[in-house]
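Participant: Take a look and give me a structure for this.
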Amino acid sequence: MADEKKGDLSSLGDDKGGKAKAPKKPAEKRFTVPVFAVCVVSAAVIGVLVGKFLLGGFAGGAVTGKTTLSEGELDSTVGSYVYQGQTHSITARQALGAATGVDAAKQDDGTYTMPSADNVLDYARNQVLAVAVKAEGIEVSDEDMATYAKDTLGTDDYASLASTYGMSEDEVKEVVRQSAGVKRLYDKVVGTDDSAQAPETPAEPAEGSEDAATADYGKYIVGLLGDEWDADKGTWAREDGPYYAALKDQSFSADSATYDQAMTAYYVAYQQYSQQASSQSATWSQYVNGLLANASISIGELVS
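Facilitator: This is a model prediction of the structure:
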């Protein structure tokens, strides 16, 4: 899922002791169903639709103003959207299936939790993106789905994922299929520049070896320097880059560097990544909001 919030790097710098502080490692991610259902889209799209957005006043056999549904009401309309001149109804089953899974919404008394307005909005938004995916000629094969599931969720065992998220296998497959398609669309819109890949943090040294120079740290630094470094000569290839500015007064080589030097290189790499990722996020947001500006979405009086 192409699209995470980037940390604020303004606090990175020298502390009173003269050593740069490393950014805290992010907590390990655990996908919840609503997140992985729109994992590529949600962080990049500004919250409120640019297009026409209507709450309440919904008619035509819709269920409104309720907090629960009977099984017989799952196929009732809870919203609709108009896109490219066509009107599409959204049922409670569709909204729940794409968000939490229908089974997960079932309560002990046999009724089902009413989908929220956000569930309906997310479903409509993803359907608009699905149209864009198709318009770009993007087709998602079973192999594409498996690759996406492994990369994003850690496994392509759909039965296991269904059990984890309380969804049916068919619901999981549909979510993965749509998300894989949107990821391909994202790559086509913003590109797949490697600089938008977050750098790995260098391994922390063993206690008592904080100042020791090692080949591992030297290899780590040189691996980040790119065309700023001349591997044959073992020195700088140019002196107008961000890594040179940060490390020009440091003595290191591909075979010997310290943890602090490796962390200095990491800060530069993360700054570069953050800037590129922010630019890509802005490009994607503009593209998606351009699509949504042409959509009209009506949502019944649902729970928040």
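Participant: which helix is the longest one in the chain?
Facilitator: In terms of residue count, the longest helix belonging to the chain (DSSP state H) is helix 259-292.
Participant: next helix or strand past it?
Facilitator: For helix 259-292, the succeeding helix or strand toward the C-terminus, using DSSP states H and E, is strand 296-299.
Participant: Quick check: buried residues in that following strand?
Facilitator: Buried residues in strand 296-299, counting neighbours by 16 or more other CB atoms under 10 Å, are found at 297-299. Heads up, the C-betas are built off the backbone N, CA and C, glycines and all.
Participant: Packing partners of it?
Facilitator: Applying 3 or more CB pairs under 8 Å, 6 or more residues apart in numbering; DSSP states H and E, one finds that strand 296-299 contacts strand 52-55, strand 77-83, helix 117-135.
Participant: which of these has the lowest average pLDDT?
Facilitator: Averaging pLDDT over each of these singles out strand 52-55 as the lowest, with a mean of 46.
Participant: Just give me the neighbour total for residue 164.
Facilitator: Burial of residue 164, expressed as a neighbour count using other CB atoms under 10 Å, amounts to 15.
Participant: if I look at it, how far off is residue 71?
Facilitator: Residue 164 sits at a distance of 24 Å from residue 71 (criterion: CB to CB, to the nearest Å).
Participant: what does residue 211 give?
Facilitator: From residue 211 across to residue 71, the span is 67 Å (CB to CB).
Participant: repeat for residue 197
Facilitator: Counting by CB to CB, the gap between residue 197 and residue 71 amounts to 46 Å.
Participant: Which strands or helices does the longest helix of the chain pack on?
Facilitator: For helix 259-292, the helices and strands in contact under the criterion 3+ CB pairs under 8 Å, 6+ apart are helix 117-135, helix 169-190, helix 215-225, helix 242-247.
Participant: what about these, which gets the closest to residue 102?
Facilitator: Closest approach to residue 102 among the helices and strands packed on helix 259-292 (CB to CB): helix 169-190, 7.4 Å.
Participant: That closest one - what's its average pLDDT?
Facilitator: Mean predicted confidence for helix 169-190 is 90.
Participant: which parts of that helix are buried?
Facilitator: Applying 16+ other CB under 10 Å to helix 169-190 flags 171-173, 175-186, 189-190 as buried.
Participant: ok so, going back, turn the helices and strands packed on strand 296-299 into CSV, columns for mean neighbour count and distance to residue 280.
Facilitator: What follows is those, written out as CSV (neighbours: other CB atoms under 10 Å; distance: least, CB to CB, whole Å):
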stretch, mean neighbour count, distance to residue 280
strand 52-55, 14, 26
strand 77-83, 23, 25
helix 117-135, 20, 17
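Participant: I'd like the ones you listed as CSV, with distance to residue 217 appended.
Facilitator: As requested, the helices and strands packed on strand 296-299 are exported to CSV (distance: least, CB to CB, whole Å):
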stretch, distance to residue 217
strand 52-55, 52
strand 77-83, 53
helix 117-135, 43
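Participant: Name the residues of stretch 159-168 that come out as buried.
Facilitator: Judged by neighbour count using 16+ other CB under 10 Å, the buried positions of stretch 159-168 are 161-162, 165, 167-168.
Participant: From those, which land in helices?
Facilitator: With helices identified by DSSP H, the entries of these that belong to them are 161-162, 165.
Participant: so which of these comes closest to residue 240?
Facilitator: For these, the residue nearest residue 240 by CB to CB is residue 161; the value is 48.1 Å.
Participant: Sketch out the low-pLDDT regions of the stretch 201-304 of the chain for me.
Facilitator: Per-residue confidence for the stretch 201-304 of the chain (pLDDT under 70) gives these ranges: 301-304.
Participant: hmm, try it at 90
Facilitator: Applying pLDDT under 90 to the stretch 201-304 of the chain flags residues 273-286, 288-290, 292-304.
Participant: gap between residue 174 and residue 181?
Facilitator: As for residue 174, its distance to residue 181 is 11 Å (criterion: CB to CB).
Participant: actually residue 173, sorry about that
Facilitator: If you measure residue 173 against residue 181 using CB to CB, the figure is 13 Å.
Participant: repeat for residue 285
Facilitator: Using CB to CB, one gets 18 Å for the distance from residue 285 to residue 181.
Participant: can you check residue 192 too?
Facilitator: If you measure residue 192 against residue 181 using CB to CB, the figure is 16 Å.
Participant: now residue 138
Facilitator: Residue 138 sits 6 Å away from residue 181, taking CB to CB as the criterion.
Participant: Tell me which residues touch residue 184, please.
Facilitator: Going by CB atoms under 8 Å, 6 or more residues apart in numbering, residue 184 touches 133, 138, 140, 144.
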